[in-house]
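Chemist: My questions are about this predicted structure, shown below with the sequence.
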Amino acid sequence: MLRGRTGRVARKVERCMRQPSTRSTLQRPPIGAPARRKTISAWRGRGEGSYGAGAASEIPHEITRALQLASAAAATSIMVAQRAKGIVPKSFWRFAESYARSNSERPLMTRVLTTAFLAGTGDVFAQFMARDRDLRSRGADGGSSEQPKPWYNPRRTLVMSSWGLVASGPFNHFWYMWLDRAVSLPRLVHSVGLKICLDHVVYFPVLVCYFAWTDYFRGRADTVADALAGAAASDKLMPVMRANVVSWTAVHVLTFTIVPAQYHVLWVSMASFFWSGYCSSATES
């Protein structure tokens, strides 16, 4: 026998179904009443208005089973939410709410600052990983007499952050906003595929501009024209472009299917945390 709230609800439903109708014959029946009376009469047995044995054992069991499953699912979801809320600190939820509010009220500024911050931190991460690899290689070689160089270059991080602030952040904001509005095909597979292809085509000149940006502001080119010419003829451009096609195809499958449109730039910037480190290392090597 069912106990608790689920049992009480199931017994109340069963009592209501067993009671005869008290509707007055003078009252106008609502729309759909004949179909309802026909269904109820089909459930009733041949006795004095009571249910038949088959209906009495079948219908309440299905109702109570559905109530059991619904209550179990609700209890499970509440328990998981409470545990997740207890594990994640409250400051994170307050930050997430503040970010969502800022993203809806001031989208351009929020996305530009997010892109710049993640580009800079991605470069710091790449420099730290390069230092770790250098230390391991020195240990494997038995040490070296050369004085090790400082592992962190703040100018390199500044160049990456300025690229995200001036170029990548504003471009991503307007590009993905236009892409979501302009490309809308009947089938989702075709729409996602066209968006990914357009993104790869458009980002090829963006990568050329990135190489020129780093060469000019790192002092490897005297003029902007020399930086653009050197970036277009660089032997590092095509390997980075191939890596761009492979990695960002996988990222954009999630971008255009699961991630909401207002968080496309945030999702791309989070993925760019690793991509910025890779590009910074590629231009440095």
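Modeler: Looks like it came in fine. Numbering: from 1, shown residues only.
Chemist: okay, CA-based contacts and neighbour counts for the rest of this
Modeler: Will do.
Chemist: Work out for me the element the residue nearest to Phe256 when sequence neighbours are not counted sits within.
Modeler: The shortest distance from Phe256 to any non-neighbouring residue, by C-alpha to C-alpha, 6 or more residues apart in numbering, is to Val192 (6.0 Å). According to DSSP states H and E, Val192 maps onto helix 188-217.
Chemist: Can you spell out which helices and strands pack onto that helix?
Modeler: With contacts defined as 3 or more C-alpha pairs under 8 Å, 6 or more residues apart in numbering; DSSP states H and E, helix 188-217 has these neighbours: helix 154-163, helix 224-232, helix 237-255.
Chemist: in the stretch 101-250 of the chain, what spans have low per-residue confidence?
Modeler: Residues of the stretch 101-250 of the chain meeting the criterion pLDDT under 70: 138-149.
Chemist: Please work out which residues outside stretch 210-226 touch it.
Modeler: Stretch 210-226 has contacts (C-alpha atoms under 8 Å, 6 or more residues apart in numbering) with 155-156, 159-160, 163, 227-231, 237, 283.
Chemist: at 6 Å what do you get?
Modeler: Outside stretch 210-226, the residues that touch it by C-alpha atoms under 6 Å, 6 or more residues apart in numbering are 227-228, 231.
Chemist: for stretch 235-253, same thing?
Modeler: Outside stretch 235-253, no residue is within contact range by C-alpha under 6 Å, 6+ apart.
Chemist: Quick check: buried residues in that stretch?
Modeler: By neighbour count on 16 or more other C-alpha atoms under 10 Å, the buried set for stretch 235-253 is 237, 240-241, 244-245, 248-249, 252-253.
Chemist: follow-up on the earlier one: and of the helices and strands packed on helix 188-217, who's closest to Phe273?
Modeler: Among the helices and strands packed on helix 188-217, the nearest to Phe273 by C-alpha to C-alpha is helix 154-163 (10.9 Å).
Chemist: Perfect, that will be all.
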